[in-house]
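A.B. asks: here's my sequence, what's the structure:
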Amino acid sequence: MSLTSTKEKILSPPNMKPGVRRLSSVSATLDDLSLGPSVVVPPQHLEQPTDAHETAAALEIAKRRISRITADEPVSTPTTPPVTSTTDAYAFAFDIDGVLIRGGEPIPEAIEAMKVLNGQNQYGVKIPYIFVTNGGGKSEEERCLDLSRQLHMEVSPGQFICGHTPMREMAERYGTVLVVGGEGEKCRQVAEGYGFRDVCTPGDIIKDNVNTTPFRKLTKDEQEHSRKRNFGEAEIEAIFVFADSRDWAGDQQIILDLLMSKKGRLGTRSETFDEGPPIFFSHNDMVWATSHDHTRLGMGALRASLEAMFKAMTGKDMKSTAFGKPQVGTFQFATRLLQQWRKDVHGIDSPPQTVYFVGDTPESDIRGTNEFNESPLCENTWYSILVRTGVFREGTKPRFTPMATVDNVLEAVKHGIKREATKSMKSQAIDSNGEANGVIFEEE
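C.D. replies: Predicted coordinates:
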């Protein structure tokens, strides 16, 4: 049996994007996904596309287009938009942890919610959707593989925006960089995949000088994979915290050593404490939802801890930059992606009129959505929906007020669809020509 028949299909029947590879969620690897536009598919659907294929493939193409151009260049689009049953009027954006997945397992209503978005609803309309997560330490391709396996659905890397995705644009700016967090060598691999040329890890530094962290010794596996170099001769130009630290004490010691150094050279101390390299965090979530009964500390807590220690040791405020939600740049990138998708599929060079953002964390998901919606940079409407399946708990008052609060992601999807149906019917009622904007819904 050939490799293509078991692992991959490159097909172009009706309703399938030509040139988009269909990879089995069971056997596909990250290397497979790096070879070109791809959709990850449950193996039983390799031969025949599911309702999710159109959105997954179109967003994969759209993201690859915008990654090849600068913000000042015109966005390309097909001359003749394809025939589609997917609405252009609105879209959904989802956080993952606490909304779709909890403790590595799908939240019960998540699979049904995806089916509703892919056309199994009373109106027979498909709705585009993307995933915007602060979770770090994994590439967009790895998250795509994970979610396809967890939700048993077609999905593409083009639908994912991670907290560290904007760091890709800094690869040309910095030479030698330190990446922190995540399991094993994953963050180094993500950074190198983004184009960073010289990536080191805390393990490399400890391997060079075992006295760097008095209470942490490298495991046999860490010793094997950490790279040998003389850090007395290296200048680290930037620090990137890609994912949650697995060793707060050791990582904080190394980060503080660099922040207080002269131009990122370990073993030196600045007299002014303002000569160290810049530090970037992929997000600023203080807590996140796991399978534990209570929320667990996140990267925002690590950042706050570092700020307090730097202040105590130097008397100065630590300067740092955070990406991810609630930062405006994440929502701008999501808007650009959806605008490119809408231009490709519908020939309309503007983002969907409304984007429903479904999240579980008021401090990042809801705050970010609301603040972007009120920003002059926002070209459409971003509507925040808070679910009760993650960080937020019933009986507490969220610090940032959502536009709607519902029990779970399925109710969030139904809420958005119902709201759009009501808007459409009102539009039809006042249109003397009997025409409505967007998708036409009929009352039951």
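A.B. asks: quick one, helices of the protein?
C.D. replies: Under the criterion DSSP state H, the chain carries helices at the ranges 3-7, 30-33, 53-67, 108-117, 140-151, 186-193, 202-208, 220-225, 248-259, 299-314, 328-346, 367-374, 409-430.
A.B. asks: and the longest one, what does it pack against?
C.D. replies: When you say that, I think you mean helix 409-430. Contact partners of helix 409-430 among helices and strands, from 3 or more CB pairs under 8 Å, 6 or more residues apart in numbering; DSSP states H and E: strand 90-94, helix 108-117, strand 354-359, strand 381-387, strand 404-406. (Glycine included, C-beta is placed from N, CA and C.)
A.B. asks: hey, which of the ones you listed is tucked in deepest?
C.D. replies: strand 354-359 (a mean of 28; mean count of other CB atoms under 10 Å).
A.B. asks: hmm, residue 102 is touching residue 387, no?
C.D. replies: No - using CB atoms under 8 Å, residue 102 is not in contact with residue 387, being 10.8 Å away.
A.B. asks: rewinding a little: lowest mean pLDDT across the helices of the chain, which one is that?
C.D. replies: Lowest mean pLDDT within the helices of the chain: helix 3-7, at a mean of 42.
A.B. asks: closest one to residue 96 among the helices of the chain?
C.D. replies: helix 140-151 (7.0 Å; CB to CB).
A.B. asks: of all the helices and strands packed on helix 409-430, which one is nearest residue 282?
C.D. replies: That would be strand 354-359 among the helices and strands packed on helix 409-430, by CB to CB, at 16.6 Å.
A.B. asks: so what strands line up beside that closest one?
C.D. replies: strand 90-94 (parallel), strand 381-387 (parallel) (DSSP bridges).
A.B. asks: centroid residue for the chain?
C.D. replies: residue 162 (2.2 Å; CA atoms, centre = their mean).
A.B. asks: ok, the residue lying closest to residue 215 once chain neighbours are set aside - contacts?
C.D. replies: In space, and not counting its chain neighbours, residue 215 is closest to residue 249: 6.5 Å by CB to CB, 6 or more residues apart in numbering. Shown in contact with residue 249 (CB atoms under 8 Å, 6 or more residues apart in numbering): 213, 215, 216.
A.B. asks: quick one: pLDDT of the second one?
C.D. replies: Right, the one you point to is residue 215. Model confidence at residue 215 (pLDDT) stands at 90.
A.B. asks: for residue 248, see how far away it is.
C.D. replies: 11 Å (CB to CB, to the nearest Å).
A.B. asks: more neighbours: the two, which one.
C.D. replies: More crowded of residue 215 and residue 248, by other CB atoms under 10 Å: residue 248, with 14 against 8.
A.B. asks: the more buried one contacts residue 305, doesn't it?
C.D. replies: Yes - under the criterion of CB under 8 Å, residue 248 makes contact with residue 305 at 7.3 Å.
A.B. asks: which residues touch residue 37?
C.D. replies: Counting by CB under 8 Å, 6+ apart, residue 37 has contacts 17, 19, 20, 21, 57, 60, 61, 64, 156, 158.
A.B. asks: close enough to count as contact, the last one and residue 63?
C.D. replies: Spelled out, that is residue 158. Yes - under the criterion of CB under 8 Å, residue 158 makes contact with residue 63 at 3.6 Å.
A.B. asks: mutual contacts of those two, please.
C.D. replies: With CB under 8 Å, 6+ apart as the test, residue 158 and residue 63 both reach residue 337.
A.B. asks: so between the two, which is more surrounded?
C.D. replies: residue 158 (29 against 25).
A.B. asks: how near is the more buried one to residue 404?
C.D. replies: Taking CB to CB, one finds residue 158 at 27 Å from residue 404.
A.B. asks: and for residue 231?
C.D. replies: Where residue 404 is concerned, residue 231 sits at a distance of 51 Å (CB to CB).
A.B. asks: ditto for residue 178
C.D. replies: Per CB to CB, residue 178 is found 41 Å from residue 404.
A.B. asks: need the contact list for residue 187.
C.D. replies: Neighbours of residue 187 in contact, by CB under 8 Å, 6+ apart: 136, 137, 179, 180, 181, 201, 242, 243.
A.B. asks: quick one: it from residue 162, how far?
C.D. replies: From residue 187 over to residue 162 (counting by CB to CB), the distance is 12 Å.
A.B. asks: also residue 240?
C.D. replies: Residue 240 is 13 Å from residue 162, by CB to CB.
A.B. asks: now do the shared contacts for these two.
C.D. replies: residue 282.
A.B. asks: rewinding a little: columns distance to residue 171 on top of the helices and strands packed on helix 409-430, output as TSV?
C.D. replies: Compiled in TSV, those are given as follows (distance: least, CB to CB, whole Å):
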stretch	distance to residue 171
strand 90-94	25
helix 108-117	33
strand 354-359	28
strand 381-387	29
strand 404-406	39
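A.B. asks: next one: stretch 410-419 to chain centre, how far?
C.D. replies: 22 Å (CA atoms, centre = their mean, to the nearest Å).
A.B. asks: in it, what counts as buried?
C.D. replies: 410, 411, 412, 413, 415, 416, 417, 419 (16 or more other CB atoms under 10 Å).
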